[in-house]
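> Mind folding the following:
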Amino acid sequence: MSGRDCRIGHTVARARALLISVSCLMVVSSASAGELPVRALPISYVTSDLVYLSGGRADGIAPGDTGIVRRSDSIVAYLEVAHVATHSASCRILQLLGAIGAGDTAHVQPSPATEQETPVVERRSADTGHAPDQLTRHETRSRASSGRINGVASARVTHFVSSAGAARDYTLSNLGLNLRASDLWGHNLELTIRTSGRGNHRSSPAGGAGLNSDWSGRISTFSLLYASERLGTRIQAGRVPISRLGRLGGLDGMVIEQPLSALLRVGLFAGFQPRWQYSDHLLATHKAGAYINWRKGERKSTVVDLTAGAAGEYLHGVPSREVLLIQGRAGNARWSLSQSAEIDVNRGWRRQNSGESISLSGIYLSGRYRASSWVTGTVSYDSRKDYWTYEERTLADSLFDDNLRQGLRAQADISLPSRTVATLGMGYRNRQGDPDPTISYTLGLRSSGFAAGRLSLSTMATGFDGPAEDGYDLSARLGASILPRLYFDAGSGYYAYQSVFTTAKRTNRWVEGMIRATVSARLVLNAGYRLSSGDDLSGHRVEAGITAPF
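Numbers count the residues shown, from 1 in each chain. You can find the predicted model right below:
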């Protein structure tokens, strides 16, 4: 065996051992967990990172409960309840294994802490008249014994063999952990960890010869939250996301939030701008700001949630960025409106470079209206810019992402018989300096009504035509529930594009298959194969992974 093969063998062996270890840990965790009643609640609508349920506190749901979205005996998503109202709840998407939408059903399992604590609070309120936050010593011991840990762990190994030669082969090992531990030591303490790591093993590094291996890790959240039941104060420290102002990302420091009334709350945050990957360099960019939030209503009626804030980043006292942010949403099950805006305040070198004191750096507007039980329309305008790393973004990614997302867009989702939904969309983007606008389109059809719901089919066609670039992307997928816990998915696609940066039209084709086995509600195994050919990428890709909620 050659040195190269030996090193690849060691990499795969280490990844395989890690998969087996995580699997065993999750199975043991699953076996020791008690079974609790499961609530089946319909999904009212879905955003990019949240799922809203038509059921809440009145149905026995509480923050921290976990759930799954199941279709045709296959799990397509893992959820964690984030916020609860009387008749509604919002859930974080912990792991997404397939497409979900309004009308699907979420199966929520209350955590042991929820089942044990609720009767105690209700008995105190009814018998003694004391407020629920006035806990006795007996209640504190009960809460300490019911501390809970939940989340999702995942691991995946991907191996690519390039048709252009072994120099472009690579093996990727991905690990992920999303963990939440509540009621620590019998207090309102909550630990949240969201982290991921990637091992990159290439036959030849860029611009050189020989073997190249590296490991990179990203900790997006590692924080401890304390919530005072009596005062309502929330203090979160560590690597913390600024959840009220999502476009700000996070910081290494502290966020303090204090309610001023039942509807109004204020927050302060300060710390360092995180370096998302491990680094030997000291952090130098300070980050600080404040916000005010106003929220009224519940999901069954109309909810209005508005936040305004200001933040600054400074490098050794010199402003790196100072920004005002305004964001909000309003709506109910029939309609919704959402918006966000970023206004940069330019001082010093920023004003010299931009030539203006105030600039609007990003705006997003979206409106959704359910005209009837079978037609839903959406109109949006997006001028925000996403930031990609050089390792993740290609020219094709840039062209399709920018032209199919940014600008003014309108879309209609039409419900047809046999659980079929048709999607029609158009986009208009007129960039400064372009002689003509860019027009884009989306045509889609998806159905899960074949063979008593065991077969699903989806087709999608997207494209854009502008003064500097044009392209289109065609794809189709077929899913089948082979057995109650075994799901197979196959797809094929073709895309082509041309721009001022390319000398000729570039075309690419791909075909892939994936199989997913739901061993239990706490263990999912999957494997896939993809064959690509074309001007951008040609070769075989094989991957295997495990997802383990706990």
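> Listing request: residues of the stretch 351-500 of the chain with sub-threshold pLDDT.
385-403, 449, 453 (pLDDT under 70).
> the strands in it, which residues?
Per DSSP state E, counting those that start in this stretch, the stretch 351-500 of the chain carries strands over the ranges 358-372, 375-382, 407-416, 420-429, 438-450, 455-465, 469-483, 486-499.
> Paired strands for the shortest one, with orientation please.
When you say that, I think you mean strand 375-382. strand 358-372 (antiparallel), strand 407-416 (antiparallel) (DSSP bridges).
> mind pulling up the phi and psi values for the closest residue to Phe222 other than its chain neighbours?
Excluding the flanking residues, the one nearest Phe222 by Cβ to Cβ, 6 or more residues apart in numbering is Arg239, at 4.5 Å. Quick note: C-beta positions are derived from backbone N, CA and C, even for glycine. Dihedral pair for Arg239: phi -90, psi 110, per degrees, to the nearest 10.
> With Leu263 instead?
phi -110, psi -20.
> Please verify my assumption that it contacts Ile292.
No. Counting by Cβ atoms under 8 Å, Leu263 stays clear of Ile292, with 11.2 Å between them.
> looking at this protein, which helix or strand is least sure?
helix 112-127 (a mean of 33; mean pLDDT, DSSP states H and E).
> so what's Ile515 up against?
Leu486, Tyr487, Phe488, Asp489, Asn526, Ala527, Gly528 (Cβ atoms under 8 Å, 6 or more residues apart in numbering).
> which among the residues you listed end up buried?
Taking 16 or more other Cβ atoms under 10 Å as the criterion, what is buried in those is Tyr487, Asp489, Asn526, Gly528.
> shaky segments in the stretch 151-300 of the chain?
203-217, 275-284, 299-300.
> Apply 80 and report the result again.
Low-confidence segments of the stretch 151-300 of the chain (pLDDT under 80): 165-168, 185-187, 196-220, 229, 246-249, 274-284, 298-300.
> what about the helices in it?
Ranges of helices in the stretch 151-300 of the chain, per DSSP state H, counting those that start in this stretch: none exist.
> Which parts of it are strands?
Using DSSP E, counting those that start in this stretch, strands in the stretch 151-300 of the chain cover 170-182, 189-202, 212-227, 234-241, 250-259, 264-272, 285-296.
> can the ones you listed go into a markdown table with extra columns for mean neighbour count and distance to Arg156?
A markdown table is the format used below for the strands of the stretch 151-300 of the chain (neighbours: other Cβ atoms under 10 Å; distance: least, Cβ to Cβ, whole Å):
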| stretch | mean neighbour count | distance to Arg156 |
| --- | --- | --- |
| strand 170-182 | 19 | 5 |
| strand 189-202 | 18 | 10 |
| strand 212-227 | 15 | 15 |
| strand 234-241 | 19 | 23 |
| strand 250-259 | 19 | 24 |
| strand 264-272 | 17 | 31 |
| strand 285-296 | 18 | 32 |
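> Please tabulate those strands in CSV and include distance to Asp436 as additional columns.
Formatted as CSV, the strands of the stretch 151-300 of the chain follow (distance: least, Cβ to Cβ, whole Å):
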stretch, distance to Asp436
strand 170-182, 40
strand 189-202, 41
strand 212-227, 40
strand 234-241, 40
strand 250-259, 40
strand 264-272, 44
strand 285-296, 40
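> Which one of those strands lies nearest to Ile482?
strand 170-182 (26.2 Å; Cβ to Cβ).
> just checking, what packs against the closest one?
helix 3-32, strand 148-162, strand 189-202 (3 or more Cβ pairs under 8 Å, 6 or more residues apart in numbering; DSSP states H and E).
> Output that strand as PDB, nothing but the C-alphas.
The C-alpha trace of strand 170-182 is given here as PDB (Å, rounded to 0.1, in the frame of the first residue of the first chain):
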ATOM      1  CA  TYR A 170     -10.400  14.800  -1.300                       C
ATOM      2  CA  THR A 171     -12.000  13.400   1.800                       C
ATOM      3  CA  LEU A 172     -14.100  15.600   4.200                       C
ATOM      4  CA  SER A 173     -15.100  14.700   7.700                       C
ATOM      5  CA  ASN A 174     -17.800  16.800   9.300                       C
ATOM      6  CA  LEU A 175     -19.000  16.800  12.900                       C
ATOM      7  CA  GLY A 176     -21.800  18.800  14.400                       C
ATOM      8  CA  LEU A 177     -23.200  19.300  17.900                       C
ATOM      9  CA  ASN A 178     -26.300  21.300  18.900                       C
ATOM     10  CA  LEU A 179     -26.800  20.900  22.600                       C
ATOM     11  CA  ARG A 180     -29.100  22.600  25.200                       C
ATOM     12  CA  ALA A 181     -28.900  21.800  28.900                       C
ATOM     13  CA  SER A 182     -31.600  23.400  31.100                       C
END
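> ok now that strand, how far from the chain's centre?
14 Å (Cα atoms, centre = their mean, to the nearest Å).
> Strand 189-202 and that strand, what's the angle between them?
Relative orientation of strand 170-182 versus strand 189-202 (axes from the mean of the first three to the mean of the last three Cα atoms, to 10 degrees): 180 degrees.
> So what are the sheet partners of strand 170-182 and their directions?
When pairs are called by DSSP bridges, strand 170-182 turns out to pair with strand 148-162 (antiparallel), strand 189-202 (antiparallel).
> May I see the buried residues of the longest one?
This means strand 148-162. Those would be 148, 150-160, 162, for strand 148-162 by 16+ other Cβ under 10 Å.
> next one: stretch 88-107
Those would be 88-91, 93-95, 97, 99-100, 102, 104-107, for stretch 88-107 by 16+ other Cβ under 10 Å.
> do stretch 429-446 as well
Of the residues in stretch 429-446, Arg429, Pro437, Thr438, Ile439, Ser440, Thr442, Gly444, Leu445, Arg446 count as buried by neighbour count, 16+ other Cβ under 10 Å.
> Compute the first-to-last residue distance for it.
27 Å (Cα to Cα, to the nearest Å).
> what sits up against it?
99, 403-404, 406-409, 411, 420-428, 456-469.
> separation between Met254 and Ala227?
Going from Met254 to Ala227 by Cβ to Cβ, to the nearest Å gives 14 Å.
> Arg516 now?
37 Å.
> Would you agree Thr378 is in contact with Thr423?
No. Judged on Cβ under 8 Å, Thr378 makes no contact with Thr423 at a distance of 10.0 Å.
> which residues are in contact with both of the two?
Common neighbours of Thr378 and Thr423 (Cβ under 8 Å, 6+ apart) are Gln411, Ala412, Asp413.
> could I get those as TSV with distance to Ala480?
Below are those laid out as TSV (distance: Cβ to Cβ, whole Å):
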residue	distance to Ala480
Gln411	28
Ala412	29
Asp413	24
